[in-house]
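Student: Can you look at this prediction? I've put the sequence above it.
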Amino acid sequence: MLKLNVISLLESRGYTRYALFNKLNNIRAIKGEKLMNYTNFQNMINQVNKSVLYQDLDELCEALECDISDLLTRE
């Protein structure tokens, strides 16, 4: 099973969840894409969702300034 390491990456970079949420939406706004709502964001980082879009993974990597291998682990 793949797991997102968003929470640990947030802590190591000193970001709050809300700051990451805003950063992701700024990335989307620059691209002219639909913004994410906070409930969907929370579900994604708390791993409530069964799937995640490649776009979301890419934007998380951009916002957290990390590689995909930092973001995902396999258990």
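Tutor: Now that the structure is in, tell me what you want to look at.
Student: So what does Ile45 have for phi and psi?
Tutor: Phi and psi for Ile45, reported as degrees, to the nearest 10, are phi -70, psi -20.
Student: Revised request: answer the last question for Asp67.
Tutor: Backbone phi and psi, for Asp67 under degrees, to the nearest 10, turn out to be phi -90, psi 160.
Student: And the pLDDT at it?
Tutor: In this prediction, Asp67 carries a pLDDT score of 96.
Student: For the nearest residue to it once chain neighbours are set aside, what is the enclosing helix or strand?
Tutor: Leaving out its chain neighbours, the residue that sits closest to Asp67 by Cβ to Cβ, 6 or more residues apart in numbering is Cys61, at 6.5 Å. For glycine as for every other residue, the C-beta is placed from the backbone atoms N, C-alpha and C. Assigning secondary structure by DSSP states H and E places Cys61 in helix 54-64.
Student: Can you give the distance from that helix to the centre of its chain?
Tutor: When distances are taken as Cα atoms, centre = their mean, to the nearest Å, helix 54-64 is centred 6 Å away from the chain's centroid.
Student: hmm, who's touching that helix?
Tutor: Around helix 54-64, the neighbours that count as contacts under Cβ atoms under 8 Å, 6 or more residues apart in numbering are 4, 6, 9-10, 13, 15, 20, 23-24, 27-28, 33, 36, 44, 67-68, 70-72.
Student: Please flag which of these sit within strands.
Tutor: Among the contacts of helix 54-64, the residues falling in strands (DSSP state E) are Leu4, Leu72.
Student: For ChimeraX, write the select line for the buried members of the contacts of helix 54-64.
Tutor: Of those, the buried ones go into a single ChimeraX selection, burial set by 16 or more other Cβ atoms under 10 Å:
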select :4,6,9,10,15,20,23,24,27,28,36,44,71,72
